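Peer 1: Pasting the sequence and the predicted coordinates here, then a few questions.
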Amino acid sequence: MKKVVYHLSTLLSGVILLSACASESPMPFGAVPSTAQLEWQRMEINMFCHFGPNTFTGAEWGSGEEKEEVFAPTDLDCSQWVDVAEAAGMKGIILTAKHHDGFCLWPSSYSTHTVTKNNDVLRQFTDACHGRVKAGVYISPWDRNHPAYGSNEYNSVFANTLKEVHSLYGPFFEQWFDGACGEGPNGKRQVYDWPLFEGTVLNINPSCILFSDVGPGCRWVGNEEGRADETCWSRLEVENGMRKTESGGGGDINGSQWIPAEVDVSIRPGWFWHKDEHPKTVEELMEIYYNSVGRNGLLLLNVPPDDRGRIPAEDSAMLAAFRAERDRIFNHDLAQDATIYAFVNERNANSRYPINNLLDTAYHTYWMPSDDDTSYVTLMVQLPEEREIDIVMLQEYIPLGQRVSQFSIGYKNHEHEVLVLAQGTTIGYKRIIRLPHPIRTQSLYITIEHALAPPILNRLSLHCSK
């Protein structure tokens, strides 16, 4: 544990808690989210529903040769999916309307491999979501059934498929494009026309978030394990549909486009329902939450309906318990009645924005130091008495850009020394730091050791998971 001794008498001299609001907002720094991207990020956790012929065959990737009759839910109830999502605190659901097998969960005019008109699952899904949660759609460009796949003709077929779905069933908050590209019935791979596909959707719904490996709305985090990188920038540098840097899942510190990370993982071992599989525990789901939402990502948690067409009871019970555990920890903010001071290199950090904005729950209020303070900005949180803490939550105000690249957390012990407990890099929309062990303290210190521009934070909270 690193020991740092602050000269508290110097820090506290002449401190004034500022409450006057600025007459002008600070300028954005670098790439910033669109209105739709900000709204998407603030959803935090959404549900994925993998549902199709694989639900009945036990496969994960269907061959495309399955008979249409194999898809036969006995008690389809999309409203029950929405009930489960709402109880779990999820704001949106994305349905796999067409997986790699090419089977369409709506009666498409561009395929013969579909449900019947009397069993339009996509219509039942969008109707169930209406007014309750946002509906999203997964349409795989890979099609192991369509005879045109692997030819120039197929790009037009797929674009028309997208137009059909978004025109007749939308609007959708997110369009999920799987990056898989394998052989079709003719033994050939397709060269996808991504500009055509993306343009088709955005011409109909300009606010739709487009997911792919490189966005443009949001990007794949790079794994299916439920974790973002410790360093996670929401910026990316993309040119002609390809990343310009080998940044992995962590984004690009100097990226010119805002393309945040989406973390997709299944509650079960498989993506589709299999009768011998069971959901993850609450402890496993909380670990995923800390490593996804808590690392500047959005969590897309797959919860597959079973062969009845319903979310299994054990899955819904686990999701409700997952929600209850998040509420237990994060609905109680130990810093709510704290006093906060801000310093830069041991001097008072002059600010045009009230530091108490860090303690309120209004999203669009924030604090920042002066325009030239980008390193060693320290926030001292003074609690009314000693309290046990093992979680610190920080948020940057991302409408003005992502700025922080290095920070540390320390506390004052009984010898009046400040010991560094944890260090991190990016914050972004939300960063949840679990301390290596619980501490009892009255004074906590968060130091922004380096930022690309003056840091702008809109939330700080303290919690105890015990």
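Peer 2: Ah, there it is. For clarity, every value in this text was computed on a predicted model and none was experimentally measured. Numbers count the residues shown, from 1 in each chain.
Peer 1: Any figure for the gap between the nearest residue to residue 74 once chain neighbours are set aside and residue 80?
Peer 2: Take residue 74 and drop its neighbours on the chain: the residue closest to it by Cβ to Cβ, 6 or more residues apart in numbering is residue 308, 5.1 Å away. Yep, even glycine has a C-beta here, placed from its N, CA and C like the rest. Distance of residue 308 to residue 80, computed by Cβ to Cβ, to the nearest Å: 10 Å.
Peer 1: what's the answer for residue 73, then?
Peer 2: For residue 73, the distance to residue 80 (Cβ to Cβ) stands at 12 Å.
Peer 1: Which residue ranges of the stretch 251-400 of the chain form helices?
Peer 2: With DSSP state H, counting those that start in this stretch as the definition, the stretch 251-400 of the chain shows helices at residue ranges 282-292, 313-330.
Peer 1: Which strands or helices does the first one pack on?
Peer 2: Just to be clear, that refers to helix 282-292. strand 261-266, strand 297-302, helix 313-330 (3 or more Cβ pairs under 8 Å, 6 or more residues apart in numbering; DSSP states H and E).
Peer 1: and the longest one, how far out from the chain's middle?
Peer 2: This points to helix 313-330. Chain-centre distance of helix 313-330: 18 Å, with Cα atoms, centre = their mean, to the nearest Å.
Peer 1: Alpha carbons of that helix, in PDB - could you do that?
Peer 2: Extracted C-alpha coordinates of helix 313-330, given in PDB (Å, rounded to 0.1, in the frame of the first residue of the first chain):
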ATOM      1  CA  ALA A 313     -38.600 -19.300 -13.700                       C
ATOM      2  CA  GLU A 314     -35.100 -19.900 -12.400                       C
ATOM      3  CA  ASP A 315     -33.700 -17.300 -14.800                       C
ATOM      4  CA  SER A 316     -36.300 -14.700 -13.800                       C
ATOM      5  CA  ALA A 317     -35.800 -15.400 -10.100                       C
ATOM      6  CA  MET A 318     -32.000 -14.900 -10.500                       C
ATOM      7  CA  LEU A 319     -32.500 -11.700 -12.400                       C
ATOM      8  CA  ALA A 320     -34.800 -10.400  -9.600                       C
ATOM      9  CA  ALA A 321     -32.200 -11.300  -7.000                       C
ATOM     10  CA  PHE A 322     -29.600  -9.500  -9.100                       C
ATOM     11  CA  ARG A 323     -31.700  -6.400  -9.200                       C
ATOM     12  CA  ALA A 324     -32.200  -6.600  -5.400                       C
ATOM     13  CA  GLU A 325     -28.500  -6.900  -4.800                       C
ATOM     14  CA  ARG A 326     -27.700  -3.800  -6.900                       C
ATOM     15  CA  ASP A 327     -30.400  -1.900  -5.100                       C
ATOM     16  CA  ARG A 328     -29.200  -3.000  -1.700                       C
ATOM     17  CA  ILE A 329     -25.600  -1.700  -2.400                       C
ATOM     18  CA  PHE A 330     -26.200   1.300  -4.600                       C
END
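Peer 1: Please identify the buried residues of it?
Peer 2: If you call a residue buried by 16 or more other Cβ atoms under 10 Å, then helix 313-330 has these buried ones: 315, 316, 318, 319, 322, 323, 325, 326, 329.
Peer 1: and of those, the nearest to residue 28?
Peer 2: residue 326 (30.9 Å; Cβ to Cβ).
Peer 1: Hmm, residue 89 and the closest one touching each other?
Peer 2: Yes: using Cβ atoms under 8 Å, residue 326 is in contact with residue 89, at 7.0 Å.
Peer 1: can you redo the helices of the stretch 251-400 of the chain as CSV with mean pLDDT?
Peer 2: CSV is the format used below for the helices of the stretch 251-400 of the chain (pLDDT from 0 to 100):
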stretch, mean pLDDT
helix 282-292, 98
helix 313-330, 98
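Peer 1: and of those, who's closest to residue 45?
Peer 2: Nearest of these (Cβ to Cβ): helix 282-292, 7.6 Å.
Peer 1: so residue 228 sits right up against residue 221, yeah?
Peer 2: Yes: at 5.3 Å, residue 228 counts as touching residue 221 under the criterion of Cβ under 8 Å.
Peer 1: anything in contact with each of these two?
Peer 2: Taking Cβ atoms under 8 Å, 6 or more residues apart in numbering as the contact rule, residue 228 and residue 221 both touch 249, 261, 263, 292, 297.
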